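Engineer: how would this look folded up:
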Amino acid sequence: MSRDPVADLRRIAFLLERANEATYRVRAFRSAATTLAALPAGELAERARTGKLTELTGVGDVTARCVVESLAGEEPVYLRRLAATEGTDLDAAATDLRTALRGDCHTHSDWSDGGSPIEEMALAAVELGHEYLVLTDHSPRLKVARGLTADRLRRQLDHVAQLNDALPEGFRVLTGIEVDILADGSLDQDDELLARLDVVVGSVHSGLNDDRARMTRRMLTAVANPHLDILGHCTGRMVASRPAGVSGPGDRAHRPRTRPESDFDADAAFAACAEHGKAVEINSRPERQDPPKRLIRRALEAGCVFAVNTDAHAPGQLDWQRFGCERAARCGVPADRVVNTRSADELVAWARSHDPA
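Structural biologist: Now for the predicted structure:
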């Protein structure tokens, strides 16, 4: 049985207003509700069926999505998210989560497309109060980002082992990789090397316009791979131009200013992550904001755990975790569902549980 989409839009506007959200957001939902309430009987459902809701004045992609969910009998994800955090001091929740984080599971150095040596990244992490930094340079297929061949990755592992001996006591660099999820869902590095790493982030960087069925198969195959621990920036979207200060070979060259979300069955992907104990990344980069808040909420409801990561390519970007924490707080993500609130040993043990061999 369908819900009343106009009532749902008005309830969202009310909750946004009560939470002192931006006026333009409140106005967007209230205006859409007014427009839809004036439609002749049957037109709303017909427009939703044919994808023509956004042709109406004041109805955008977000409000249209809420209407479609309501008509399907589902409480809109946007409304569920607001209801779940109603009465919560979100600023305090974000601050508490940032304080609870003990490390960062997605970072890059000048071994791939980052702008600084591993040593600089590590010392910046120490200054921020981190206990560990997971080094996740790119894998071979991403040539524009100087992805690491198997031989270069082996040399990097030796370098990190030596570096850890020289770093301040109580801090260490954990070994890792941001491995490409290839067209068939396989991971772009030797299994023997992936098994040696502390943490493996898997991300889609190519074929982002694959059709829904193909992209879903890619993700499900990757998530089921015992070597993968964290599903990185799962929609691949870019919502803004890259901030100033990002540097490194290829870093500006291989990403457009904006990019839409890839199309995949998010519920199926998140169900697989929950089943296999894999984390969904909340990417803190301002130009990514990936996943969108509606998908963070869906992943939370699916039982997923998360990793709030910076995807930092320079030392100052390691402080961007606060952006991810703000988005996590707005979706009601508790600290005990975030894997990088764990100690280094606990994090590594969690990752090893996926790949016990």
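
Engineer: Next one: Asn340 relative to Thr23, how far apart?
Structural biologist: In this view, Asn340 and Thr23 are 35 Å apart by C-beta to C-beta, to the nearest Å. No exception for glycine: its C-beta is placed from N, CA and C like everyone else's.

Engineer: Who has more neighbours out of those two?
Structural biologist: Asn340 (27 against 10; other C-beta atoms under 10 Å).

Engineer: residues in contact with Phe171?
Structural biologist: Residues in contact with Phe171 (C-beta atoms under 8 Å, 6 or more residues apart in numbering) are Ala122, Ala125, Val126, His130, Glu131, Tyr132, Leu133.

Engineer: Can you select the buried ones among those residues for me in PyMOL?
Structural biologist: The buried residues among the contacts of Phe171 can be selected in PyMOL (16 or more other C-beta atoms under 10 Å) with this line:
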select buried, resi 122+125+130+131+132+133
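
Engineer: now for the contacts of Phe171, which pair is the farthest apart?
Structural biologist: Spatial extent of these (C-beta to C-beta) is set by the pair Ala122 and Glu131 at 11.6 Å.

Engineer: I'd like the list of the contacts of Phe171 that fall within helices, please.
Structural biologist: Using DSSP state H, the subset of those located in helices is Ala122, Ala125, Val126.

Engineer: And the helices in the stretch 51-200 of the chain, which stretches?
Structural biologist: Per DSSP state H, counting those that start in this stretch, the stretch 51-200 of the chain carries helices over the ranges 61-71, 77-84, 90-100, 118-127, 150-166, 191-196.

Engineer: May I see the buried residues of stretch 92-100?
Structural biologist: Neighbour-count burial for stretch 92-100 [16+ other C-beta under 10 Å]: Ala93, Ala94, Leu97, Arg98, Ala100.

Engineer: Over to stretch 147-161?
Structural biologist: Applying 16+ other C-beta under 10 Å to stretch 147-161 flags Gly147, Leu148, Leu153, Gln156, His159, Val160 as buried.

Engineer: can you give me the mean pLDDT across that stretch?
Structural biologist: Mean pLDDT, computed over stretch 147-161, is 97.

Engineer: Show the contacting residues for the closest residue to Ala45 other than its chain neighbours.
Structural biologist: Of all residues beyond its chain neighbours, the one nearest Ala45 is Leu71 (6.1 Å), with distances taken as C-beta to C-beta, 6 or more residues apart in numbering. Neighbouring residues of Leu71 by C-beta under 8 Å, 6+ apart: Ser2, Arg3, Pro5, Leu44, Ala45, Ala48.

Engineer: measure the second one to Pro315 for me?
Structural biologist: Summarising the geometry, the distance separating Arg3 from Pro315, computed by C-beta to C-beta, is 48 Å.

Engineer: what's the answer for the last one, then?
Structural biologist: For Ala48, the distance to Pro315 under the criterion C-beta to C-beta works out to 48 Å.

Engineer: so what's Ala335 up against?
Structural biologist: Residues in contact with Ala335 (C-beta under 8 Å, 6+ apart) are Asp96, Leu97, Ala100, Thr341.

Engineer: Pull the contacting residues for the third one.
Structural biologist: Pointing back at Ala100 there. By C-beta under 8 Å, 6+ apart, the residues touching Ala100 are Ala335, Val338, Thr341.

Engineer: measure it to Val59 for me?
Structural biologist: Separation of Ala100 from Val59 (C-beta to C-beta) stands at 39 Å.

Engineer: now the last one
Structural biologist: Taking C-beta to C-beta as the measure, Thr341 and Val59 are separated by 40 Å.

Engineer: ok, longest strand in the chain?
Structural biologist: The single longest strand within the chain, with elements called by DSSP state E, is strand 172-180.

Engineer: Next up, the contacts around Arg297.
Structural biologist: With contact set as C-beta under 8 Å, 6+ apart, Arg297 has these partners: Val77, Arg80, Arg81, Ala84, Cys331, Gly332.

Engineer: Give me the phi and psi angles of it.
Structural biologist: Backbone torsions of Arg297, given as degrees, to the nearest 10, read phi -60, psi -40.

Engineer: Closest one to Pro292 out of the buried residues of stretch 147-161, please.
Structural biologist: The shortest approach to Pro292 among the buried residues of stretch 147-161 belongs to Gly147, at 27.0 Å (C-beta to C-beta).

Engineer: The closest one and Ser112 touch, don't they?
Structural biologist: Yes. Using C-beta atoms under 8 Å, Gly147 is in contact with Ser112, at 6.0 Å.

Engineer: Please enumerate the shared neighbours of those two.
Structural biologist: Asp137, His138.

Engineer: Turn the contacts of Ala100 into a markdown table, including secondary structure and pLDDT.
Structural biologist: What follows is the contacts of Ala100, written out as a markdown table (DSSP: H, G, I helix; E, B strand; the rest coil; pLDDT from 0 to 100):
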| residue | secondary structure | pLDDT |
| --- | --- | --- |
| Ala335 | helix | 98 |
| Val338 | strand | 98 |
| Thr341 | helix | 98 |
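
Engineer: Identify, from the residues you listed, the entry nearest to Ala272.
Structural biologist: Ala272 lies nearest to Val338 out of the contacts of Ala100, by C-beta to C-beta, at 19.3 Å.

Engineer: got the end-to-end distance for stretch 300-307?
Structural biologist: 12 Å (C-alpha to C-alpha, to the nearest Å).

Engineer: which parts of that stretch are buried?
Structural biologist: Within stretch 300-307, the residues that count as buried by 16+ other C-beta under 10 Å are Leu300, Glu301, Ala302, Cys304, Val305, Phe306, Ala307.

Engineer: For the residue nearest to the second one when sequence neighbours are not counted, grab the count of nearby residues.
Structural biologist: This means Glu301. What sits nearest to Glu301 in space, not counting adjacent residues and going by C-beta to C-beta, 6+ apart, is Arg80, at 7.6 Å. Using other C-beta under 10 Å, Arg80 is surrounded by 19 other residues.
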